[in-house]
Structure formats: structure tokens, C-alpha cells
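> Got a predicted structure plus its sequence, pasted below:
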Amino acid sequence: MTKNDFTFEGRKIAFRDGLTLAAALEDTGERRLRYTAKDGQRGIFCGMGVCQDCLVTVDGHPNQRACMIRAKAGMEVCRQTALPALETAAQPLETATPEVIRVDVAVVGGGAAGLSAAIAAREAGASVVLLDERKTTGGQYYKQTAGDIAALDTQQAEGADLVRSAAASGARILSGTEIWGAFDGPLLLAETEGSAVVVRPKALVVATGAYERPVMVPGWTLPGVMTTGAAQTLWRSYRTTPGKRVLICGSGPLNAQVAVELAKGGCEIAAILDTAPHPGQRLGEAAAMALADPKLSAKGAMLIAALRRRGIPVRHKTRLLRVDQDAERLRAVFEDARGRETAETVDAVCMNDGFQPQNEILRLLGAEMTYDTRYGHLRCTRDRAMATTVPRLFAAGDCAGLGGAPAARIEGTIAGRAAAAFSQNRQTVDATAAENLALARHRRFQDHLWRVYDPGPQDIDDIAPGTMICRCEEITLAEAEDALNAETGHLGTLKRASRIGMGRCQGRYCGPVAARLVARRTGRPIEDFSFFAPRIPIKPVAISVILAVEEVLGGDED
Amino acid sequence: MATKTDVLVVGGGIVGQVAAIEIASSGASTIVVDAGRDSGSTANAGSLHVQMQSRFMRLYPDQVPALEASLPLYCAAVREWDHLDKKYGPFGMVRNGGLMLAETVDQMEFLKAKAEREHRANVDVEILDRDALDEIAPWLGPQIIGAELCRNEGKLDPLAANLRLREEASRLGVQFAQDQITSIDERNGMAVAVGSTDTWHADRIVLAAAWGTGSLLSDLGLAMPTKPEPLHMNITEPCAAHIGHLVQHADRSITLKQLSGGQVVIGGGWPADDRRMARVPGVRCTSLVGNVALAARLVPSIGKVRVLRTWAGINTTIDGASTVGPVPNAKRIIVAVPGDAGYTLGPLVAKMAASFVTGSDQPFDAGAFSPARFAF
């Protein structure tokens, strides 16, 4: 076997250095990665370790996320079956002794907010560890390139600068490290390459960002249907594309940006579908946006010009109805405001319908949340120093509610500095006047930006009854409605009656929809308790990793 | 507000549901009220217990005689589950038996003595050495030297069972309501339950409120020591069928089994935090890592499987024995609390309680389980 080969189902796959298994497989057109319990097939969906749908078996170990694992020469990779076999050997498990990290400030998340927080906390004199689940820091906005690929544009170059500054700050950066447990203290339990890490910081900055809200239609679970961000990662980080012809749908600025990026990468963009009306009908908002942030608005205007130049059609007030398998390709059917149906045959359907904050750690530790009806997600209550309602716990960036990367950087700086002060028993330092001004400006810009687009989730009435709303347990909207008919209670009742939210993604995609479903049925408003109760583990974690933690922390039986 | 019904069942868990099915089948109008919080049955992990659990013997040594005297009830209770599974299932139920493992000679001696006592009560038990274990459970860790096999034991999917039984109750016309009952009494020839949203008048009340039962009986001359135990549980992602038995340990708190859906459920009595008015009990780090690490040592083959979820449910203990029968001072009120291993014993205890209401034959002699033993 040559240096850069692994096998997939026995077939040799050549790969470039730094690629994830998912990217390397997409590169060769292999997109069916897993079989489900109901004979479905799945491929890359979120591209960022959230959906748990790209599971493959690597060298005999099942349940490995292809989007999170780097390809290595000689790996034997197989499609995962619904019920992978357990190990046969009954030998005692060997575990490496976990590292216990005691530090002033721990930062969770290596994106715009987290990197900024780490730098600021170091500048304030605190010892800092930053934990990021990705192998390369930068987060979803600054998406860094893998291997030795040059930066694509100023966005990536800006991110590279931030990553370099964080590394130079003296903060200890642990990438490829995923938090699965968070307890009072705070006490964080993490996993890195199959080993355990225990972190006991004096102050904690959560900067875990957001994940994408999908467009739930029949067929959204087919291999080849993925989030817009997943397609963007394929291109920006790994220089591969999801096939040749792509349709993009949902609503928001990321869809237009990725359309242009994929087009530059050689894709033909069949269309961008946006549920919002044409911005021409919202000129006031566009003008207000330009006023709030001329630089970002200019970037937006250039994007629109690029779409035009490349002849990428943008269909407003148009929504995806379903995706059908069409031989090896996908047939996407959509409907415009007048109810006219059109179809496009494509290789990939990308979807982004707004964002969901990754607020699991914050909710687990008891931080107060309020429901933002316009954005359809929870926002974390914070003071001006980004402190949550829980002592020692700070939140920065999109995990506290959507705000965008420029705001996340400032919030990260404020939070990092405040957490450092707290950890050293100094008086908390509030944001500077300049920071407050800049933050207000970015927030104003975001507010106007999302008046041009549609920041809310799909209306449940627009979801066809046969649509799977729980990807993991393969439960349709109609089945969820049936379960509610049998016993209308709260989300927990619905979960137990239908198995919604009991799968590997732990309710991250179905949870918000199910919460709205229960709210509609009961007539009760949505609040923090409307969502699934936060549970440990935050992400699925191997039993061997828990065993390793027990060897340093001990258990307490009775 | 006041609502009238023939029979009111307080508590909508496994006992309340089966009692309601039995009573509604006799033609009585039946309402089940439940507070909708801190439940046992909806958080249950699906073990069918028969042999005396080492954890219970260790924590409540004074209650062991009552537990031992209850062994015939346990045997009958799993047969009742067989019957329910045939009638209303499938609940993903299997009765492959349960293994209680030993790692030391002392633990083996403990199991041998226990097995002898259980054998005298006609429980189907056998002591296995390591060679015999290798025949049926080669996946056990190498440090296991033997086990007690109890063939009566098994496992089921409690979510499936709860759901199917609820459907059956609804089909029979049982009404379900949410209310927190705060007191129960007899007035003017009626049984009356006062709740936080309604007052319920019934010819009979079946009190199946698990740990909440004791405080409701204190005004009726009974000091029934129902105690809530918030217990920790873990479940993994599904994997191929591998572990056939319910697994326990002679000296450690654990139950481990694989459900019909392929998930491995690990529990067995590690503590959780009772947060009462909060929505769910809290998970303790020491319970999570201790419970799962113990499982990993006993069954190393699950090492690479990932835990998906942890949660806590409320177990109820009384005095080692179930409590079934009319309240001596208020015979319209019938107590139905199985106590420890409540999910296993629940359906049989429910049927015993229902027979006090409907006048049908007792499925099991309730004499030894009367609440009269708590009279003060």
C-alpha cells in the first residue's frame, strides 16, 4: 500500500494529507457511509461532528465520525451497519491515565469567540487552556485549511492570524478534544483520540458557537443532502466539492457566500432558494445595514454582484418541497410563492435555514436562558462582562444566541478578560467604551441583516407529515403527532412515547421542532424547559474513556 | 372543582396503569391521576428481578427477612409479566435469566448461601463456576470466578411496555389527568382525594403513588415508611446482540443488560441528586463514572461502545415487602406499593389491589402484605 491510501469497503482510496475520511470519500464520490435500522442510508450531513450520521467502522472500531477523523494511510474503513458487532475479547480494557489540567481559565471552542477569549485571558495574566473538538482551530466562520493548502481569501487569512495569535499568546491549545461532561465546580470531562482529559478551571468561558438549522423535507436524510456549512468545509478546508451540480436552500447570507465559493471551486449552482422575499422589497433594511457596517455591507454587495456575474439564479419566496433519489443523483422539487413546482436534478442539495446555538454546556451548568421568538432559539442571559447567571461561567459568541463572528470576537475578548480577572480574585473588568460601541454596531448590523433574510425556523404547518423529523431514530412528523395524541404532556412524554431525541445526535435536530410541536399542541409558550432537559454526556462518549476518568476521579457507590 | 368517578387511581406508573386496566375491564369508570414528576416507571431501566439483590441486602440488612419472605411473590410477578407480554406485548421481553457475579472467594460463599435460601423458596437458581460461565457468558471479564444464575430473571423494554399498557387503558375508557394529590380521606361513604387542581370523589381509591404514598397515609393512622431513592442510569448506542443475561454483582451496585433494540443499559442503584421541584433529578459525576467504569470491568467488550444518555429515576423502598390492601381505618382506600423492584412486582401488585376493588379472585395471597402492619 502506498503512503496515501486507505481502503473503503475493500476499495483503495487515495487521499491528500490533512483530509478527513469524509472529505477523502466525497472526493472519490463515495457518499453512502452508513446503513440505518430502517434500511436507510446516510452520508455527510452536518460536517462538524453534530449529527453523528457519517459513522463508519475504522479498523474494526464502529461509530467513528468520518467528518471528524483524519484519513491515515492503511486505515480499513467500512460502511457501518445498524447494529455493529461488539468486541469479542473479554480482556481487561487498557486505558491511558487521563491528564488532569488545573488552570485559571478554560475556554471551550476554538472559533472567533474562543480564540479571542484565550488571547484576552492570557493578556490579563491568567493561565489558559483552550479545548476545541476540531483538529484545526478557527471554528466554523474562519474554517482553516487542512494540510499545506494556501488561504483562500481574507476571511481565511484573518482567521489564520487569529489562530497564530492564540498560539503565540501562551495559551495551551488542545485541538481534537471534545467535551462530553460538565459539572458544577466547574469540572470538565473531555476526550481526545480515545484518551480522557479532566479540566478543573477557576473560570470557564463557553464559546461553542452554533450549528446549522436544516430544512426538513422528505428526502433530507439522503446521502448528498447536507448543510451548507458542510459543503463549505469540503471546499474551504479540503478543496473538494459535493459533486458537480448543487442546489442550495433555506435562508441566510451563508447560502449566497457558499454558492459563490463552490462556483469558484468548479461547481454549477443550479439555484439558491430563499424563503425570504427579494431584498429589493426590503430596501430600508438594506440601507440601515449599510449604515451600521459599511464594510460588511460592501462585502454583501460584492457577493450579490458575484452571484449575478456567475449567473447563479436566486429564487426568493421559494421553498424546498422534497428531495428524491434519481439514480445516482438527487431530484430536488421546490415551490415558489405562486405555488408553482419546479425540479432540478443535482449531485448535492445544501441547506441552511438559520442557526441553533450549541448551548448544551451552558444549559447543563444551569445558566439562565430565554427564548428568542424571532430567531427561534434560546439566548443565554449575560451581564456586560459576558458572565452568565452561574458563578465562574462566561459565555461568548453564537452559543449564547446568534450574533455573528465580528461580535463573537469582541464578546470573546470581553469574556476572556473578565474570566481572567475572576480567576485571580480581581474585580471583574467590564467592556471598554470602544468595545461596547463596536459590539452595538455589529449587533445592529446583524439585526438588519436578518430582516433581509428569514431568521426563524420552518413553520410546522409547512412540514409534510411523512417528513422524518428525528434523523437518528427515524421518526416522522406524523408519528410524533400520533404520540402527542396518545398522551399530551411535555417534551419528555413525547420523547418516551415516540423515541424522538433518543438517538446519537441527542435531539439536536429534532429537539427544537419537537418543542414547537408540543407548544402548539398545549398552547404553552416556549421557554428553556420546553427543550429536552440537558443531559450528560454532551456528546456520545466511549465507555473506555469513562473508565479512564474513574481511575483518577473515583466513583461513589452508595 | 369536583370530579366523580367509580374508581380513582392515584399514580400513573406501572402499578396505576395495570390496576386501571383491571378495574376498567370490570366495567367501572376509572380515572388515573398523576403528578407528572419524579416518576419511577417512566425512568425505569427494564430489569426483571427475582433473586435477592446484593445492593438491597447490603444497604437494608434489617429488611432482608421481609425480602426473603417475598421471594414467591417475585416468582409469581415475572410470570405475570409473561402473561402481560402475551396479552398486550411485545415489550421486547426475554427471560434468559440473571447472573450475579463474584470476583472473590468470599463473594462466591455469599452467593452460595444466598442461592441455598432462594432454592428453598423454589427460585430457580444455580451456582456456576468460571468454566460453566464461559459456556453461556464468555464476554465476562477474566477476573470473574463464578456467578449465581437465576433462571426466573429477565429484561424488557419499559418504554414499549408503558406505551402499550397506556394504549390499552385508554382503549378501555380509562381517563388520565394531571394533578398532585395532597390528601386522601373517606367522607360520607365516599373516598375523597384532594389535589392541587381538583377534588376527586370515588367509590374506591387505589393508592399507587410509590414514594409519595407514605405522607398521604399519615392522616389515616398508618406510618408507612416509603422512601424515594433517586438512582442513576446510563444507556449506550445500539450494537449487535451479545449480552443475553441480566448482569448483577455479589458485592457492587450494578445492573447491566442489552435491550432488544441493541442498546446496553447500565444502572443498579448509584445515587442521583433529588432536586424535587426541579424538573429532573441531577446526575452526579461520581455515579456516572463509577457505574460505567464498573460495567466496563465486568463486561470489557462494551469498552468501545459509546454512552448516549444518562438520567435518573426514583426507586421506592418500604420495609422489604410490598404493601397491598385496604387501609384499616378507611377501607375504600386500597394501597398498592410494590417497594423495591417496583417495576418487576408492579403488575402483580396492581392485580392484587384491583381484586380488592372488583371482588375478583386474588391472583396471589395478599395476607402478608397488608398495610395494617404500619398502623400506629
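Sure, I can see it.
> Now residue 185: closest residue in space, sequence neighbours ignored.
Picking chain A for this. Using Cβ to Cβ, 6 or more residues apart in numbering or on different chains and skipping residues adjacent in sequence, the residue nearest A:G185 is A:R200, 6.5 Å away. Just so you know, the C-beta spots here come from the backbone N, C-alpha and C atoms, and that holds for glycine as well.
> I was after chain B.
B:V192 (5.3 Å).
> would the one you found count as being in a strand?
Yes. The assignment for B:V192 by DSSP: H, G, I helix; E, B strand; the rest coil puts it in a strand.
> Tell me if I'm right that it and B:W200 touch.
Yes. Using Cβ atoms under 8 Å, B:V192 is in contact with B:W200, at 7.0 Å.
> Those two: who's more crowded?
B:W200 (24 against 19; other Cβ atoms under 10 Å in any protein chain shown).
> I'd assumed that one was in a strand, is it?
Yes. Assignment of B:W200 by three-state DSSP places it within a strand.
> Quick one, grab the pLDDT at it.
We have a pLDDT of 98 for B:W200.
> Grab the nearest non-local neighbour of it.
The shortest distance from B:W200 to any non-neighbouring residue, by Cβ to Cβ, 6+ apart, is to B:A193 (4.3 Å).
> separation between the one you found and B:A202?
7 Å (Cβ to Cβ, to the nearest Å).
> Mutual contacts of these two, please.
B:L8 (Cβ atoms under 8 Å, 6 or more residues apart in numbering or on different chains).
> got the contact list for the residue nearest to B:D185?
B:184-186, B:199-202.
> got the contact list for the residue nearest to A:G185?
A:100-103, A:185-188.
> ok, now B:S355?
B:22, B:361-363.
> let's see it at 7 Å
B:361-363 (Cβ atoms under 7 Å, 6 or more residues apart in numbering or on different chains).
> Name only those of those residues that count as buried.
B:P363 (16 or more other Cβ atoms under 10 Å in any protein chain shown).
> Could you point out the member of the contacts of B:S355 that lies closest to chain A?
Nearest to chain A among those: B:P363, at 27.6 Å, using Cβ to the nearest Cβ.
> need the contact list for the closest one.
B:P363 sits next to B:348, B:351-352, B:355 when contact means Cβ under 7 Å, 6+ apart.
> Check the gap between it and B:V18 for me.
In terms of Cβ to Cβ, B:P363 sits 11 Å off from B:V18.
> hey, what's in contact with both of the two?
Common neighbours of B:P363 and B:V18 (Cβ under 7 Å, 6+ apart) are B:K351.
> which non-adjacent residue is nearest the residue in the stretch 301-450 of chain A that chain B sits nearest to?
Closest residue of the stretch 301-450 of chain A to chain B, Cβ to the nearest Cβ: A:L364 (9.1 Å). Nearest residue to A:L364 in three dimensions, chain neighbours excluded: A:P534, at 4.3 Å (Cβ to Cβ, 6+ apart).
> Could you list the residues of the stretch 401-550 of chain A in contact with chain B?
A:486-487, A:489, A:496-497, A:504, A:506, A:529, A:533, A:535-537, A:540-544, A:546-547, A:549-550 (Cβ under 7 Å from any Cβ of the partner chain).
> from memory B:S260 sits against B:P90, does it?
No. Taking Cβ atoms under 7 Å as the definition, B:S260 is not a contact partner of B:P90, at 8.3 Å.
> more neighbours, these two?
B:S260 (17 against 13).
> for the residue of the stretch 301-450 of chain A closest to chain B, phi and psi?
Main-chain torsions, A:L364, degrees, to the nearest 10: phi -60, psi -40.
> Would you confirm that it contacts A:A533?
No. Using Cβ under 7 Å, A:L364 makes no contact with A:A533, being 9.4 Å away.
> What degree of burial does residue 346 show, as a neighbour count?
If you meant another chain, say so; for now it's chain A. 27.
> The chain in question should be chain B.
31.
> Residue of chain A nearest chain B, please.
Checked against chain B (Cβ to the nearest Cβ), the nearest residue in chain A is A:G555, 1.6 Å away.
> Tell me, how many residues neighbour the closest residue to that residue other than its chain neighbours?
Leaving out its chain neighbours, the residue that sits closest to A:G555 by Cβ to Cβ, 6+ apart is B:G290, at 1.6 Å. If you count neighbours by other Cβ under 10 Å, B:G290 ends up with 25.
> list the contacts for B:G290?
Counting by Cβ under 7 Å, 6+ apart, B:G290 touches A:550, A:555-557, B:270.
> backbone phi and psi for it, please?
According to degrees, to the nearest 10, B:G290 has phi -70, psi -50.
> Is the residue nearest to A:G185 bridged to anything, and to what?
A:R102 (DSSP bridges).
> How about B:P230?
Beta-bridge partners, per DSSP bridges, of B:P230: B:I314.
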